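Trainee: have a look at this fold, sequence not included:
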């Protein structure tokens, strides 16, 4: 009877309520988009823009923002770009990084230690733990036990989720909504189209929820997916509660002409029981240069990356990449800037 | 005929004598508790307390203590917490870290390079190498070859053992004895109880030897273990030579009422040939809240972590963790402070 | 049909021409020895000597040379010493390092992302990417796509090859030729002997080409190899074009007495179809103390390391290591100094 069974991470989704940001990030765990409101997002956008500007100007003052503070990346599954992005963010703020990305694959699993103990062990050394774990609720469990640890040790460690199984990946959602703001200078008044497997996509769920939490005014969100893979009802209802207009379709052409922001994701063949069903719809879910040709000249094309054949062939990739509307590498770069702002806010609080 | 066979690490236990500290840590390899005497331990305790205080006060001066110096972690087997603890320690002193924790799993083994060459290769870049290796004597072998290298290259690299198979793990023993000092303000005059598999436990051997090397006055050490797993005679004799009182028993209740320090470790079922034998004794070797209830109100409960069912169920863990006598997370945190003191002493020497 | 097939790295050997250094390293990818001329090598030698001197004197000014700049190591196959050497080099210059050495083993391969996208993702965070990849041409492909990325993001990332399958490993060649210069104070007028499997050895090809690119005057290069494993014609012709004298033999004794520099590499049994053929020649390709006894007193013995039985038994290793003519650990140490010079030049440009 392994311990892990008795203390399943998922229980902590109900047992632990992540703290609302409410204008103050200091010392707070970042594990869910539910923690953010419009004002919090606006604070984060402003801090991100300020930090990007300072980094571009080689402002050495940035290196004091988390100096003497230590981040540990604790990755139970590999995610090169999330890991690198957080590490680079912390380094650019003058902070230190230790990576357990490797060891946890062996030692903790081998020795059978549970997450609660491993997280507290790391919390004895680090000011912030970036946790990537395949189990839903794992970051909630980490937050719960770090709160217990705080009374015992000299530092007050926080956890930032780097992805929680099929659950949440809050910093991905934050960089996505920031990228919209970055190119469009607002979230209000936009026509935003999310495309792909909207049923299973963690990324699109979180982005949609954040648009709702921002309480965007006069904004329409289009969900373009095969019928069997549409956005869950709960998300759609949450958007409508917040007065966001929602449109569902399985045909991009219905909405492409009005769209300001195209957020593209993959539809995986494995999701269909009948291959014929996949074959019938797949062409509508591949972004290629001829498809992009029908988009507005000021639209932006986003993608969480990595991409495969949902953007066609490598030759298609090359042609799309050269289109100024393709902003997914800027989006990726923004990921580091958003994480810098978040780390500085969570660890420091007062400076920006 | 692999090379490794011809140059077995264990030979170096007799071939190489680690230098005594004798009040001066500078430039010395740290591979055995045999290097330490009472004065050396007292110096280390004082340095650790000083460093912890400075770190807690965010004293930026700490960041100069190993600035410009480079530590490499060379882990032939994963040990997340030892690796992270050393990395965090070096970073908090302003030093740099490169980690070969990953690569050695592949490259050196694949290419069949022996330890003597790998250690010297790393010694060409690093001022201090933290070596974790499954073979007994490996850190002695590393020390031997680094001494040869010193005449050839511009730096004078030292090795610190991060665990030597079933042999030694000196920094674990140092953090353990420091934690006793930290809570009890002395090693003299205490009643210290080590519990579990005392025959095979590297940790308890080293801790017992260090108590002897400290030459603690008026101190009693109780060894609580199943008969078949008692502390080796050689260790017991060493303690008695140093005038430490020793008591052996297989029942914690014999000594719990007088105990100041309880050091708990696991008894593994696999150590018993006959499962019935294990079943007969196992309940006496599980620490649970009802057991701790019989301990003195000012006792401390230590554990090297990770723990499994030797502390009962996860619910037991939670209840024990909430008891102020449970200090194993503080003990873990002390690991980083002790390693900071050690690194600063070995690399710098003069400062504290 | 995996994407990787459609965009084979090798195509980029013809599609992309690496920039010549021509006296200015700033912002240039370092992927081939073809980029270097005599003047460039001399600049690099001078910078390396200057940096080594400053490091030995603990000149803290070094820590400003790449401060605020970020290096990512992206290793698709493990190479502990190359990885550590680059990391140590960047750290000693005050720069920051993030290592994806671990993650790429899992995430990118698992998710099937191609090199072009992974390199650009990392290029969104890092100023310099050290790429190790099993495919010939991979660093050319990386350079090609990073050039495309430069128009989109705020930084101007460069790639430095850390080894390209059986193709090139330019920094190994640079540290090799520097080590010759370091001990002999010139490349001109020397008698240099390369020994081993010269047909397949990436290292010896690159070193021979660099000697040619240096346009060494009055220099002889001896190639000592079994007939079936001699240096490719193209390399020999390139040397002769540059007026380097070339001698081919399968017997070291033909040239040892005149040799200033012995560069030793391994002949692998697996290269011979008939084991008898290997047995017939193998003794002539094992460096032992009796062989070295016939070398000139001022000769130097180099080796790229790691070594196995091409230097005899471990006892032979120990005896060779104690010979002052054995400089392979100095050569390894020089690897870090050369990489420091290269990083400082590529990232900074103006300072030395």
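Mentor: Good, I have the coordinates. What you see is a predicted model, and the numbers here were worked out from it, not measured in a lab. Residues are numbered from 1 along each chain as shown, chains lettered A, B, ... in the order given.
Trainee: how about the helices of the stretch 51-200 of chain A, start to end?
Mentor: A:80-92, A:107-111, A:115-123, A:138-149, A:170-184 (DSSP state H, counting those that start in this stretch).
Trainee: average model confidence for the fourth one?
Mentor: Per-region confidence: helix A:138-149 scores 97 on mean pLDDT.
Trainee: in the stretch 51-200 of chain A, where is pLDDT below threshold?
Mentor: Across the stretch 51-200 of chain A, the ranges flagged by pLDDT under 70 are A:101-112.
Trainee: apply 50 and report the result again.
Mentor: A:103-110 (pLDDT under 50).
Trainee: quick check: residues of it near chain C?
Mentor: A:52, A:55-56, A:58, A:60, A:63, A:75, A:77-81, A:83-85, A:87-88, A:91-92, A:97, A:99, A:101-102 (Cβ under 8 Å from any Cβ of the partner chain). Where C-beta positions appear, they are placed from N, C-alpha and C, glycine not excepted.
Trainee: switch to 6 Å and redo it
Mentor: A:56, A:78-81, A:83-85, A:87-88, A:91, A:101-102 (Cβ under 6 Å from any Cβ of the partner chain).
Trainee: pull out the buried members of the residues you listed.
Mentor: The neighbour count (16 or more other Cβ atoms under 10 Å in any protein chain shown) marks A:78, A:79, A:80, A:81, A:83, A:84, A:85, A:87, A:88, A:91, A:101, A:102 as buried among those.
Trainee: make a markdown table from those residues and add distance to residue C:190 to it.
Mentor: Listed next are those as a markdown table, based on distance: Cβ to Cβ, whole Å:
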| residue | distance to residue C:190 |
| --- | --- |
| A:78 | 47 |
| A:79 | 50 |
| A:80 | 44 |
| A:81 | 47 |
| A:83 | 46 |
| A:84 | 44 |
| A:85 | 48 |
| A:87 | 44 |
| A:88 | 44 |
| A:91 | 43 |
| A:101 | 46 |
| A:102 | 44 |
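Trainee: which of the residues you listed sit farthest apart?
Mentor: Within those, A:78 and A:91 form the most distant pair, 19.6 Å apart (Cβ to Cβ).
Trainee: what about residue A:8, how many residues nearby?
Mentor: Using other Cβ atoms under 10 Å in any protein chain shown, the number of residues around residue A:8 comes to 13.
Trainee: if I look at it, how far off is chain C?
Mentor: Distance of residue A:8 to chain C, computed by Cβ to the nearest Cβ, to the nearest Å: 25 Å.
Trainee: who's in contact with that residue?
Mentor: With contacts defined as Cβ atoms under 6 Å, 6 or more residues apart in numbering or on different chains, residue A:8 has no neighbours.
Trainee: pLDDT score assigned to it?
Mentor: Listed pLDDT for residue A:8 reads 81.
Trainee: and it, how close does it get to residue A:122?
Mentor: Residue A:8 sits at a distance of 21 Å from residue A:122 (criterion: Cβ to Cβ, to the nearest Å).
Trainee: do the same with residue A:23
Mentor: For residue A:23 relative to residue A:122 (Cβ to Cβ), the value is 29 Å.
Trainee: ditto for residue A:49
Mentor: Relative to residue A:122, residue A:49 is positioned 32 Å away (Cβ to Cβ).
Trainee: give me the more crowded residue out of those two.
Mentor: residue A:122 (28 against 15).
Trainee: and for the more buried one, nearest residue in space, chain neighbours not counted?
Mentor: Leaving aside its sequence neighbours, residue A:122 sits nearest to residue A:72 (Cβ to Cβ, 6 or more residues apart in numbering or on different chains; 5.0 Å).
Trainee: and the strands in chain A?
Mentor: A:70-75, A:96-99, A:128-133, A:158-164, A:191-195, A:220-224, A:245-249, A:261-264, A:300-302 (DSSP state E).
Trainee: mind putting those in TSV, mean neighbour count included?
Mentor: Below are the strands of chain A laid out as TSV (neighbours: other Cβ atoms under 10 Å in any protein chain shown):
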stretch	mean neighbour count
strand A:70-75	26
strand A:96-99	26
strand A:128-133	27
strand A:158-164	26
strand A:191-195	25
strand A:220-224	24
strand A:245-249	15
strand A:261-264	26
strand A:300-302	23
